[in-house]
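Colleague: output the structure for:
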Amino acid sequence: MSGRPDGAHDEEARGASEPGAGARLDELVRVVDALLADEGGCAWNRAQTPRSLMTYLVEETYELVEAIEDGTSDDVREELGDVLYQVVLHGALAARASSGSFDLADVVRDVAEKTVRRHPHVFGADRADDVDEIVRLWSAAKADEKSQRTSAYDGVPVGQPALARAQKLDARRAAAGGVRPEPDRAPTTTSGTEVTGTEVTGTEVTGTVATDARAESRELAWGRALLAQVDEATDRGIDAERALRAAVREREILLRRDEAEPAEGG
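Modeller: Numbering: from 1, shown residues only. Next up is the predicted model:
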């Protein structure tokens, strides 16, 4: 045996004249560095911060999801590139920050090491004979990494879409052996006023405040009913976020069809 990684054979198959992924990534890093250069670079890129780029990162991620669900392989390839560009740009901005806490090389090294740790059946001595055993080993490795967490629900992003976040929290609940909680008290306004049905009790409120409180109560009640539907989807093995995206896409197709049809009798 040569001892070379399998990827070396792939590189040879592509031919010596065609750069591999590593060389192409280096090329992208150089492009981003040129954009951020103080002399001759791009002022817009230099002005960005991780926070200012969040909107673009989310948009690019959703465009990738759309390409995976409905696009061609070329669409997926393009959107993967856009997401990769965001990763490289974030890494470069971090390296340029006054703290210089990390750079892209740190990001790549960390994710490679984490991936190895979480697959002991591939890179370690453990053995997994089926997918369930693989998931168990992966979960155990992740739990060991996150042992400093104080709650089973730590690490579920607050900014995640609500349907997906609801199912993620429920998965954590199930893994921890908990039960689904039932709402045990009336909703309250941000000022602490308790709301029951269409009436406001407790602190005396009038006019707009009472109207806002009732609207908030109705919204929360509707949200609870929707959450119950999400729980039903979970129990039936349905990805609620993906299901709703599919239904919305279907509606958009119908709306566009109706829009394109000439008005009846026109």
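
Colleague: how is Arg46 assigned, secondary-structure-wise?
Modeller: Look at Arg46: counting by DSSP: H, G, I helix; E, B strand; the rest coil, its state is helix.

Colleague: distance of it from Leu36?
Modeller: 6 Å (C-beta to C-beta, to the nearest Å). Every residue, glycine included, has its C-beta placed from N, CA and C.

Colleague: neighbour-wise, which of those two wins?
Modeller: Higher neighbour count among Arg46 and Leu36: Leu36, with 17 against 13, using other C-beta atoms under 10 Å.

Colleague: OK, contacts around the more buried one?
Modeller: 42, 45-46, 92-93, 96 (C-beta atoms under 8 Å, 6 or more residues apart in numbering).

Colleague: quick check on these: which are buried?
Modeller: Among the contacts of Leu36, those classed as buried by 16 or more other C-beta atoms under 10 Å are 45, 92-93.

Colleague: including distance to Thr61 and pLDDT, could those residues go into JSON lines?
Modeller: Converted to JSON lines, the buried ones among the contacts of Leu36 look like this (distance: C-beta to C-beta, whole Å; pLDDT from 0 to 100):
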{"residue": "Asn45", "distance to Thr61": "20", "pLDDT": "96"}
{"residue": "Ala92", "distance to Thr61": "19", "pLDDT": "96"}
{"residue": "Leu93", "distance to Thr61": "18", "pLDDT": "95"}
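
Colleague: which one among those gets closest to Leu254?
Modeller: Asn45 (40.6 Å; C-beta to C-beta).

Colleague: how close does that closest one get to Arg256?
Modeller: Asn45 sits 36 Å away from Arg256, going by C-beta to C-beta.

Colleague: go on, Asp212?
Modeller: Look at Asp212 and Arg256: by C-beta to C-beta, they are 37 Å apart.
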